[in-house]
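*Asks:* with the input below, show me the fold.
(one chain, ligands or ions: 1)
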Amino acid sequence: MSGWGSGYVTDVTYLPAYYRQQSPAVMAIAAALGGVACDLPAPDAAIHYLELGCGLGFGATLLAASNPGWQVTAIDFNPAHIAEARRTAAACGLANIRFLEADLATLAEDQVGRDLPGADFVSLHGVWSWVPAPVQAGIVRLLAAKVNPGGAVHLSYNALPGWSGGLALQRLLREAGKRLGYRSDRQAEEGLKLVRALQATGAKELQSPMARELLERLGSVPPAYLAHEYMNENWKPLFHAEVAQALAPAKLEFVASADLINNFAALTLTEEQRALARPFDDPLLRELIGDVCTGRMLRHDVFVRGARRIDPRVRDAGLREIWLAGNIPEAEMRYELETPSGTAELSPGFYRPIMTALQDGPRRVGDLLTLPELGGARDNPAELVGVLVGLGAAVPVLRPGAPPHPAAQRFNRHFAAALRQDSLETVFLAPAVASHAVGGGLSATQIDLFVLDRIRAGETVADVPAWIAALRPVDADSRRKLQAALDASLAGRMRLLRAGGAV
Ligand SMILES: C[S@@+](CC[C@H](N)C(=O)[O-])C[C@H]1O[C@@H](n2cnc3c(N)ncnc32)[C@H](O)[C@@H]1O
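*Replies:* I've put the predicted structure just below:
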């Protein structure tokens, strides 16, 4: 530890990732689903987007590249993050983003903080439950001073009671790791080994279904991710009500989840659970019941400063005007949802024609609801948007029909080229490509980025054998996997990236 991080990991940099929950369009849709007015940014709106605790700034940079009319400010206290983020933004030739090195504990009182313009949309992803109370208090003071009236804030955090079955695992991983290694990524790896070994002996507190599930998941995550998740001194999961209470002094009111599926009790709770929740009109209690029933471990809450309630008919009329672009190939769509209460079925008769239509290009929600081949009720735009965007099967589109913008193209080219140099070793937690039409990211795999790079290099015909050779597979198995991934990319995702205006 460095001494200046207030217990937060500072010796290892984080990893690039884009999360749709951080995009203003998704925040605005979440607010609408929560019955609160929050407009999607207009195509030419000059909004100010602020990210607090931005890490390497991949998400903020993608949003700046996709929306040249926005001002983006991204803040982190780790100079290694800010230096790398500035290098990337410069390489992409972006003039509408700035990265500031500042500590959120004191930024509200600093001159830099005082000079910040008011923000329309703010995102804090992976920060709140990982930093100590004085930093949380500084964040609240900053939000109180900087969120514009009607502005939205996305804030994610590790949640209780979902995390209760994993507390022993986290504590042991961290405490053992600190004594077994010097740098925090190695500490995390060593700590994890001990946790695994003890779990195999039958250690009682490591046998919960949640601990088992976590251990399985942690088998495949990069050490830098482990370090930022598990090695912070002040990590503390929280109940939703505690977070809502902490943000109240900034006049921020919880309106909905940016994990849009979680706004639909019909999809996440059993009928009996819904009946027991029904008498309560207090949103805090409803959220608590939802958290107790589903055990969700990470919440993506959306808060609005000055929540204005909207009539459901007005809300639905607004949702019908939203455009959606396909974000996964139809063949990859699963019409079943695993929920804590079992499997919820998404009617294929209703969703398949919609997914098929979206493969050809963005469509207006109102038009999707009038597709002749649709089976089922056509009067619920909220569910259509919530389910498709919530599952990541579609993304909202801010500028339908807009051609690829040079800034977004430079961004995509930059990361595709970085990948080429590293021969697919660059680790993305969640890669994506920038699209001016979308006004945000479209999901992409590292292989998709590689294919994009080949297309940009002027290769009009897919030379898969040559591409596989260039990627240097180590054995026959990885060769087979590469072949499958390249075929899938060419058959499905490239079409979507083109349709979504990213290519
Ligand atoms: C888990 S990372 C998330 C990064 C980014 N939001 C993302 O999702 O990729 C949390 C970030 O918060 C930053 N951070 C932690 N404490 C901070 C503080 N007191 N002031 C500013 N940044 C802080 C860390 O340096 C780190 O980059």
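*Asks:* show the contacting residues for whatever residue of the stretch 301-450 of the chain ends up closest to the ligand.
*Replies:* For the stretch 301-450 of the chain, the residue closest to the ligand is Leu429, as judged by C-beta to the nearest ligand atom, at 7.0 Å. C-betas here are computed from N, CA, C, even on glycine. Residues in contact with Leu429, defined by C-beta atoms under 8 Å, 6 or more residues apart in numbering, are 15-17, 222, 225.
*Asks:* try 7 Å
*Replies:* Applying C-beta atoms under 7 Å, 6 or more residues apart in numbering to Leu429 gives the contacts 15-17, 225.
*Asks:* just give me the closest of those residues to the ligand.
*Replies:* Ala17 (4.6 Å).
*Asks:* was I right about that closest one contacting Ala60?
*Replies:* No. Between Ala17 and Ala60 there is no contact under C-beta atoms under 7 Å: 11.2 Å.
*Asks:* tell me which of these two has more neighbours.
*Replies:* Set side by side, Ala17 and Ala60 show more neighbours around Ala60, with 27 against 20, by other C-beta atoms under 10 Å.
*Asks:* was I right about Thr61 contacting Ala89?
*Replies:* Yes. Taking contacts as C-beta under 7 Å, Thr61 lies within contact range of Ala89: 5.6 Å.
*Asks:* look at the two and report which has more neighbours.
*Replies:* Taking neighbours as other C-beta under 10 Å, Thr61 and Ala89 compare with Thr61 leading, 29 against 24.
*Asks:* sec struct for the more buried one, please.
*Replies:* Here Thr61 takes the helix state, with states given by DSSP: H, G, I helix; E, B strand; the rest coil.
*Asks:* what sits against it?
*Replies:* 85, 88-89, 92, 94, 97, 411.
*Asks:* ok, so of the residues you listed, who is nearest the ligand?
*Replies:* For the contacts of Thr61, the closest approach to the ligand (C-beta to the nearest ligand atom) belongs to Ala85, at 9.8 Å.
*Asks:* that closest one: which element?
*Replies:* Using DSSP states H and E, Ala85 falls within helix 79-91.
*Asks:* got it, and Tyr49?
*Replies:* Under the criterion of DSSP H and E, Tyr49 resides in strand 48-52.
*Asks:* re earlier: identify the contacts common to Thr61 and Ala89.
*Replies:* Common neighbours of Thr61 and Ala89, using C-beta under 7 Å, 6+ apart, are Ile97.
*Asks:* grab the nearest non-local neighbour of Cys38.
*Replies:* Ala31 (3.5 Å; C-beta to C-beta, 6 or more residues apart in numbering).
*Asks:* does the one you found really touch Ala25, like I thought?
*Replies:* No. Under the criterion of C-beta under 7 Å, Ala31 makes no contact with Ala25, lying 10.9 Å away.
*Asks:* higher neighbour count, those two?
*Replies:* Applying other C-beta under 10 Å to Ala31 and Ala25 shows that Ala31 carries more neighbours, namely 26 against 20.
*Asks:* give me the neighbour count for the residue lying closest to Phe77 once chain neighbours are set aside.
*Replies:* Excluding the flanking residues, the one nearest Phe77 by C-beta to C-beta, 6+ apart is Asp103, at 4.5 Å. When neighbours are counted by other C-beta under 10 Å, Asp103 registers 17.
*Asks:* so Asp103, which of the three states?
*Replies:* Three-state call for Asp103 (three-state DSSP): coil.
*Asks:* considering the contacts of Thr61, which possesses the most neighbours?
*Replies:* That'd be Phe411 among these, by other C-beta under 10 Å, with 29 neighbours.
*Asks:* ok, the nearest residue to that one once chain neighbours are set aside - contacts?
*Replies:* Nearest residue to Phe411, sequence neighbours excluded (C-beta to C-beta, 6+ apart): Ala65, at 3.6 Å. Contacts for Ala65 (C-beta under 7 Å, 6+ apart) come out as 92, 94, 407-408, 410-411, 434.
*Asks:* mind checking how far Ala65 is from the ligand?
*Replies:* Distance, Ala65 to the ligand, by C-beta to the nearest ligand atom, to the nearest Å: 16 Å.
*Asks:* which residues does the helix holding Ala85 contact?
*Replies:* 13-14, 54-57, 61, 74, 76, 97, 99, 101, 414.
*Asks:* what bridges to Trp323?
*Replies:* For Trp323, the beta-bridge partners are Arg364, Val397 (DSSP bridges).
*Asks:* residues in contact with it?
*Replies:* Shown in contact with Trp323 (C-beta under 7 Å, 6+ apart): 362-364, 397, 400.
*Asks:* what of Leu497?
*Replies:* When the contact criterion is C-beta under 7 Å, 6+ apart, the partners of Leu497 are 433, 442, 444, 448, 503.
*Asks:* mind putting those in JSON lines, neighbour count, secondary structure and pLDDT included?
*Replies:* Formatted as JSON lines, the entries for those read as follows, by neighbours: other C-beta atoms under 10 Å; DSSP: H, G, I helix; E, B strand; the rest coil; pLDDT from 0 to 100:
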{"residue": "Val433", "neighbour count": "27", "secondary structure": "strand", "pLDDT": "95"}
{"residue": "Leu442", "neighbour count": "29", "secondary structure": "strand", "pLDDT": "97"}
{"residue": "Ala444", "neighbour count": "28", "secondary structure": "coil", "pLDDT": "92"}
{"residue": "Asp448", "neighbour count": "26", "secondary structure": "helix", "pLDDT": "90"}
{"residue": "Val503", "neighbour count": "19", "secondary structure": "coil", "pLDDT": "86"}
